[in-house]
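**Student:** I would like to see how this sequence folds:
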Amino acid sequence: MLIADLTPETAGTSGVSGTSASPGDLDHATVAALADGERGAMDGRRSLSVPLADALTRAGFPRHFVPVEHGGTAGTFGALLDSVAGVGETCASTAWVAALYAAHGRLASYLPRAGRDDLWRDTPDTRIAASVIPPRGEAVPEPDGWRLTGDWTLASGVDHAEWVLLASRTPGEGEAGHRVFAVPRERVSVSDTWNSVGLRGTGSNSVSVTGEFVPAHRTFTLADLGQVRPGAARCHRVPYAMVASLMFAAPALGSARGALRDWRARMMTKVRADGRPALTGGAAQQLMARASAQIHSARLLLHQAAWQADHAEVTPLAVASNRRDAALAVELCSGAVDSLWRAMGASGLAEGDPVQRRWHDIAAVASHAAVSFEPAAEAYTRAALEAEGLA
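**Tutor:** The predicted structure is shown next:
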């Protein structure tokens, strides 16, 4: 299916309830409204508040990819894209944590059944943080498990998590030696190290464990993420590489839409030297048209990628195409917001300026390796040539 064939249903729109989500919904409107009132305080805390983290849970983000047999939704990537972007229009930090709580529920579904029971026996709404790339620390094999010690960075949302996924190399396992371990949050030490100007409220702090025994049923290898899982729900049958960049790109799409809205509101009140509104000038009109087209193009690319993940045949070319499209979408969003912010002149430098905030947030998203265009382009070119028998 081409993007021109997408309908609202296949594009991944999601329903919104007024209070809390039913099992198939993601109530992003309620989350966005709460985040809107917390932006100043969030910058000071550098983390979500307890009420906001609880709102993400009630909205259905942590359970979105949890298997149905554990009470979860086993939802679609299209619904997650739209809901995360919807939150991102108000607050990119909240959107980032929402996306990762959902994504980490999907990662944890690769645990053996006994491990999944440990995480979701009482509720599918378990909040899970993670630091899995690159692998760090040391995992020493013991009977029926491993003894884990080490330090990890950038565990977004860890302050409000109940479990943490940590990756380490395991000796003697060869390529399968990049292993992920599920550790209860109370067994993890958190260091307050996150002090960024972009995605400031994500609480992406460092964590450590010392001599923590992790039973074998609470581990899986990173190689497992590349496997198509027969018999599982669709969201668990697509390889990690096909969807990882999509979930990281969703907050950027929302933040770019919010930046355009904020910039337009500012231009509606700004007056030119001749007394006419700023938006009557040709330069401002061209800027608005170009930025809106870039953001709309990014949305189309991401909806196509979400549709591929939800419905298309899984092939090496489809995986590489999704990675390419998500990376390019982030570039488009970043370029649009950069041009909007630069056009504001000195007023855009004011502390607390909303467009400047978006600019910082999207720069932080764009710095993530998962949405870097160069490796995505290399992977796509290789897959495209192989598909045509040219490599």
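**Student:** low pLDDT regions in the chain?
**Tutor:** 1-25, 174-176, 228, 346, 348-350 (pLDDT under 70).
**Student:** Past the helix or strand hosting Gln304, which element shows up next along the chain?
**Tutor:** In this assignment (DSSP states H and E), Gln304 forms part of helix 282-311. Counting by DSSP H and E, the next helix or strand C-terminal to helix 282-311 is helix 316-343.
**Student:** Following the chain past that next one, name the next helix or strand.
**Tutor:** helix 354-366.
**Student:** Can you tell me what sits against the next helix or strand after that following helix?
**Tutor:** Per DSSP H and E, the first helix or strand lying C-terminal to helix 354-366 is helix 373-387. With contact meaning C-beta atoms under 8 Å, 6 or more residues apart in numbering, helix 373-387 is reached by 245, 315-317, 319-321, 323-324, 326-328, 331, 369, 391. All C-beta atoms are positioned from the backbone trio N, CA, C, and that covers glycine.
**Student:** Please repeat the previous calculation with a cut-off of 10 Å.
**Tutor:** 241, 245, 315-328, 330-331, 366, 369-370, 390-391 (C-beta atoms under 10 Å, 6 or more residues apart in numbering).
**Student:** Only whichever of those residues are buried, select them in ChimeraX.
**Tutor:** A single ChimeraX command is used to select the members of the contacts of helix 373-387 judged buried by 16 or more other C-beta atoms under 10 Å:
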select :241,245,316,317,318,319,320,321,322,323,324,325,326,327,328,330,331,366,370
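**Student:** rewinding a little: okay, angle between the helix holding Gln304 and helix 316-343 too, please.
**Tutor:** Counting by axes from the mean of the first three to the mean of the last three C-alpha atoms, to 10 degrees, helix 282-311 lies at 160 degrees to helix 316-343.
**Student:** right, and Asp117 touches His70 too?
**Tutor:** Yes - the pair Asp117 / His70 is scored as a contact, 7.7 Å apart, by C-beta atoms under 10 Å.
**Student:** more neighbours, those two?
**Tutor:** Neighbours per residue (other C-beta atoms under 10 Å) separate Asp117 from His70, with His70 holding more: 20 against 13.
**Student:** Need the phi and psi values for the residue nearest to the more buried one when sequence neighbours are not counted.
**Tutor:** In this structure, His70 finds its nearest non-sequential neighbour in Trp120, 4.0 Å apart by C-beta to C-beta, 6 or more residues apart in numbering. Trp120 adopts backbone torsions of phi -120, psi 20, taken as degrees, to the nearest 10.
**Student:** and the gap between Trp120 and Ala182?
**Tutor:** According to C-beta to C-beta, to the nearest Å, Trp120 and Ala182 sit 11 Å apart.
**Student:** can you list residues touching both of these two?
**Tutor:** 108, 111, 128, 163.
**Student:** what's the neighbour count on the residue lying closest to the third one once chain neighbours are set aside?
**Tutor:** Nearest residue to Ile128, sequence neighbours excluded (C-beta to C-beta, 6+ apart): His104, at 3.9 Å. Close neighbours of His104, defined as other C-beta under 10 Å, add up to 26.
**Student:** Arg45 reaches Gly201, doesn't it?
**Tutor:** Yes - counting by C-beta under 10 Å, Gly201 is a contact partner of Arg45 at 7.1 Å.
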